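S.K.: sequence below, structure please.
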Amino acid sequence: MKRRHLQGSLVAITAALILLVGMLAGGSLWILRRMHGQSAHTEAARLVLEQGNVIVSHLAGQPIVASSPESAADWSTFAEQVLAMHTLESGLQYVSVSKNGVTVFQKQTRGMAEASVAPAVPGAGVAGDVGMSRRIVDLGGEAVPVVVFTKRLMGVDGTPREVEVAVRKDAVARQERVTAQAIGSMFNLSLMTVLGSFGVSVVLVAWMMRREVHRERQRRSEEHLAFAGVLANGIVHDFRNPMSAMRLDVQMLNREVAKAGECRHVRVAELATRVQQTLDRMDKVFQEFLYMSRPPTDRREVADVAKELRECAETLRPRFEQAGVDLRLDLPATPLPVLAYSSALQRTFMNVLTNAEQFSKSGQAVQVRAMRTDGSVTIDVVDEGPGVSEQDRRRIFDMFYSTRPGGTGLGLFLAKTALERCGGTIKVLATGIGRGTCFRMTLPVADVG
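M.R.: Reported below is the predicted structural model:
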């Protein structure tokens, strides 16, 4: 039973762990996606800044920017380069070149050919002598925020020159979107992997639980079959002793009746009464034996240990007489009340006494003592048989364990089970090999006050 509970608990714990791991994995992926989203925004801004720096530095390095005087053809070639730069950075809004504060070139790469530019808002420097600022460009009524990269240099004629490259601020969002799409793809792939693994784990747990249910049913079926065998053997074992006693009583009854005129009617009545008592006991076995398969529903009652021992000894006395074993009773005249089931006590005493007779030789004796000590009743059944080794004492009450050839290994097991049902205990005292055996049984004293 403990094993079944343990296996069921392990399956439940495994399922809970898989669910917990799945939740942790999903939560971790969500947190990573948030973190990577922020990193993507930072990385996109960095890329735009680098591209703006590259573009303005490249354009400022063209000979036309620093030369003097400039020709229209040269500016046309410069404009083509600006358009070429637009293919590198689609967010490029315009490029302008000023000489001594006067704009000598401006090329709008997006939107209207003419655009009004708001004053620059200073920003942090990018690298070297390249500056960065923010502006608002009015494109046909639409205010477009841009990031302006400025490169200052001296012309060949000694006049200061300035190159401005304006990149739309949404270029950062565009770069971020590309990175975010890549991160999203990786997140979706990871999520699908986690969900797939979680699904496989759920299927495995469901399969394990179903297999465990099947095994549990199979174990119950096997236990029922085993119990049926134990029950059948126990009934046979419990019936064998009273039937042997009844057989002897019937044989003596037949002998007494065969004497015809010398027949002793008192002896016949005595034997007939013993046969009737044995039959009553066998009927009780039928009514009470199933206690092993279910908890008792009846209540324990006050029983007299001395009276029960005398009745069991009287039932088994013909068997002891036939075996040549002397059964001696050392019982007090006063009752020894205990709270127990009468039939369970009889089963215990009958099996222990029968065991003592089976291991005794003709001419030996079995002594039964009972006394009241410190709130309990102690019963000793002592024989003069071969004794019990230390190894056998540890297993002598196990089911189907027997040291006697032809023994079923159920007598002492049933005795122990019945006595424990009454709240008592039974043990074998160490007497040494060849010094006989002492079975000591204890039961709590009943409060009859």
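
S.K.: where's Phe78, which helix or strand?
M.R.: Element membership for Phe78 (DSSP states H and E) is helix 72-88.

S.K.: pLDDT score for Asp374?
M.R.: Asp374 is assigned a pLDDT of 83 by the prediction.

S.K.: ok, Asp380 next?
M.R.: 94.

S.K.: and the helix or strand it falls within, what does it pack onto?
M.R.: Here Asp380, judged by DSSP H and E, is contained in strand 376-383. The elements that strand 376-383 packs onto, with contact taken as 3 or more CB pairs under 8 Å, 6 or more residues apart in numbering; DSSP states H and E, are helix 305-323, helix 342-358, strand 365-373, strand 437-444. The C-beta positions use only the backbone N, C-alpha and C, and glycine is treated the same way.

S.K.: mind listing what's buried in the helix holding Phe78?
M.R.: Asp74, Phe78, Val82, Met85, His86 (16 or more other CB atoms under 10 Å).

S.K.: okay if I get those residues as a markdown table plus distance to Ala365?
M.R.: What follows is those, written out as a markdown table (distance: CB to CB, whole Å):
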| residue | distance to Ala365 |
| --- | --- |
| Asp74 | 138 |
| Phe78 | 133 |
| Val82 | 127 |
| Met85 | 122 |
| His86 | 122 |
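
S.K.: any chance of the residues you listed in TSV with distance to Gln367 and pLDDT as columns?
M.R.: Formatted as TSV, those follow (distance: CB to CB, whole Å; pLDDT from 0 to 100):
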residue	distance to Gln367	pLDDT
Asp74	135	80
Phe78	129	86
Val82	124	84
Met85	119	79
His86	119	79
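
S.K.: identify the bridge partners of Asp383.
M.R.: Thr437 (DSSP bridges).

S.K.: check Ile136 too.
M.R.: Beta-bridge partners for Ile136, by DSSP bridges, are Pro145.

S.K.: contacts only, for Leu443.
M.R.: By CB atoms under 8 Å, 6 or more residues apart in numbering, the contact list for Leu443 reads Val305, Val338, Ala340, Ser376, Val377, Ile379, Leu419, Cys422, Gly423, Gly424.

S.K.: which residues does it bridge with?
M.R.: Val377.

S.K.: use 318 as the first number from now on
M.R.: I'll keep to 318 as the first residue from here, and by that count the last item is Leu760.

S.K.: pLDDT at it, what is it?
M.R.: In the predicted model, Leu760 carries a pLDDT score of 92.

S.K.: returning to that earlier point: for Arg537, which of the helices and strands packed on strand 693-700 is the nearest?
M.R.: With CB to CB as the measure, helix 659-675 is the member of the helices and strands packed on strand 693-700 nearest Arg537 (26.4 Å).

S.K.: which helices and strands sit right next to that closest one?
M.R.: If you count contacts as 3+ CB pairs under 8 Å, 6+ apart, helix 659-675 packs onto helix 487-575, helix 582-605, strand 618-621, helix 622-640, strand 682-690, strand 693-700, helix 728-738, strand 754-761.

S.K.: tabulate these (JSON lines), appending distance to Gln663.
M.R.: What follows is the helices and strands packed on helix 659-675, written out as JSON lines (distance: least, CB to CB, whole Å):
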{"stretch": "helix 487-575", "distance to Gln663": "10"}
{"stretch": "helix 582-605", "distance to Gln663": "7"}
{"stretch": "strand 618-621", "distance to Gln663": "9"}
{"stretch": "helix 622-640", "distance to Gln663": "6"}
{"stretch": "strand 682-690", "distance to Gln663": "14"}
{"stretch": "strand 693-700", "distance to Gln663": "13"}
{"stretch": "helix 728-738", "distance to Gln663": "9"}
{"stretch": "strand 754-761", "distance to Gln663": "13"}
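
S.K.: deepest in the core, which of the ones you listed is it.
M.R.: Most buried of the helices and strands packed on helix 659-675, by mean neighbour count (mean count of other CB atoms under 10 Å): helix 728-738, with a mean of 22.

S.K.: can I get that helix in CSV, CA atoms only?
M.R.: What follows is helix 728-738 as a C-alpha-only set of coordinates in CSV (Å, rounded to 0.1, in the frame of the first residue of the first chain):
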residue,chain,number,x,y,z
GLY,A,728,-1.1,-21.2,12.3
LEU,A,729,1.2,-18.7,14.1
PHE,A,730,0.5,-16.0,11.5
LEU,A,731,-3.2,-16.3,12.1
ALA,A,732,-2.6,-16.4,15.8
LYS,A,733,-0.6,-13.2,15.7
THR,A,734,-3.1,-11.5,13.4
ALA,A,735,-6.0,-12.5,15.6
LEU,A,736,-4.3,-11.4,18.9
GLU,A,737,-3.2,-8.1,17.4
ARG,A,738,-6.8,-7.5,16.4
